[in-house]
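Peer 1: here are the coordinates; sequence isn't available:
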């Protein structure tokens with residue numbers, strides 16, 4: 001049984017395998033920020049932060065910036081070698097113009113049609129939608145990386161109940177249990193974590209889904 005931290009790293013590692021050499025990538029806050037730890041050495045991507053950094057990198061004591069710049073999630077950040085800073089309008093021009101190849105986001109709820117709710121938690125102070133709405137519509141490939149359940153309750157639903165971030169924009173869902181592709185015919189499970197069975201995935205998933213005939217292991 002994985003611990004919560006092992007689960008998060010497992011999901012991030014699997015999501016990292018979706019990135020291709022040369023991709024411009026935007027990472028959401030939370031779990032997706034772990035993805036750079038697992039990008040293969042032969043895959044070089046440009047991380048873009050919607051508040052205005054290209055080739056974003058996490059700030060450390062060795063590379064800290066005197067301007068105390070942060071990324072969109074509030075984490076101290078810098079532009080890595082060859083990167084640059086620019087204004088938010090330019091950054092969103094890149095996103096809305098279709099220049100981001102992939103975005104990896106977390107989610108509160110996702111449903112059979114690829115609708116996503118990830119910006120407001122009932123009863124908690126709302127920080128704002130941020131750039132998620134633009135990324136969902138503007139990025140060429142939208143990957144949802146999240147835990148399969150919360151407090152034992154499914155997060156992959158027949159229909160989202162929380163306010164939507166965007167409609168029919170998710171292409172792929174990666175959890176600690178499996179990988180779903182969002183297709184015109186609904187969700188298709190293409191990979192499974194060998195620690196779980198298909199029946200266990202069904203028990204943890206409210207949404208209907210089909211199982212690929214050539215179901216693969218997430219560990220492959």
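Peer 2: Looks like it arrived, so ask away. Everything numeric here is computed off the predicted structure, so don't read it as measured data.
Peer 1: so residue 54 makes contact with residue 90?
Peer 2: No: between residue 54 and residue 90 there is no contact under C-beta atoms under 8 Å: 9.6 Å. All C-beta atoms are positioned from the backbone trio N, CA, C, and that covers glycine.
Peer 1: More neighbours: the two, which one.
Peer 2: residue 54 (19 against 12; other C-beta atoms under 10 Å).
Peer 1: Could you verify that that one is part of a strand?
Peer 2: Yes: with DSSP: H, G, I helix; E, B strand; the rest coil as the criterion, residue 54 is assigned to a strand.
Peer 1: Now do the same contact list for it.
Peer 2: Counting by C-beta atoms under 8 Å, 6 or more residues apart in numbering, residue 54 makes contact with 24, 46-48, 79, 83-84, 86.
Peer 1: 6 Å - rerun?
Peer 2: Contact partners of residue 54, counting by C-beta atoms under 6 Å, 6 or more residues apart in numbering, are 46, 48, 83-84.
Peer 1: who wins for neighbours among these?
Peer 2: residue 48 (27 neighbours).
Peer 1: Just give me the longest helix of this protein.
Peer 2: What stands out as the longest helix in the chain, according to DSSP state H, is helix 4-16.
Peer 1: can you count the residues close to residue 151?
Peer 2: Count around residue 151 with other C-beta under 10 Å applied: 4.
Peer 1: which residues make contact with stretch 138-150 from outside it?
Peer 2: By C-beta under 6 Å, 6+ apart, stretch 138-150 touches 11, 15, 18, 31-32, 95-96, 98, 100-107, 110, 136, 155, 169-177, 204.
Peer 1: again, only this time at 7 Å
Peer 2: Residues outside stretch 138-150 that contact it (C-beta atoms under 7 Å, 6 or more residues apart in numbering) are 7, 11-12, 15, 18, 26, 31-32, 95-96, 98, 100-107, 110, 116, 136, 155-156, 169-177, 204.
Peer 1: Please pick the buried ones from those residues.
Peer 2: 7, 11-12, 15, 18, 26, 31-32, 95, 100-107, 110, 116, 136, 155-156, 169-177, 204 (16 or more other C-beta atoms under 10 Å).
Peer 1: What is the subsequent helix or strand relative to the helix or strand of the chain at the bottom of the mean pLDDT ranking?
Peer 2: One helix or strand of the chain scores below all others by mean pLDDT, DSSP states H and E: strand 53-58, with a mean of 77. With elements assigned by DSSP states H and E, the helix or strand that comes after strand 53-58 is strand 77-85.
Peer 1: Give me the distance from that following strand to the chain's centre.
Peer 2: 22 Å (C-alpha atoms, centre = their mean, to the nearest Å).
Peer 1: Just the buried positions in it, please.
Peer 2: Buried-residue list, strand 77-85, by 16+ other C-beta under 10 Å: 77-79, 83, 85.
Peer 1: Closest one of those to residue 217?
Peer 2: residue 77 (34.7 Å; C-beta to C-beta).
Peer 1: Is that closest one bridged to anything, and to what?
Peer 2: residue 58 (DSSP bridges).
Peer 1: Test my guess that it contacts residue 51.
Peer 2: No: contact between residue 77 and residue 51 fails when scored by C-beta atoms under 7 Å: they sit 8.8 Å apart.
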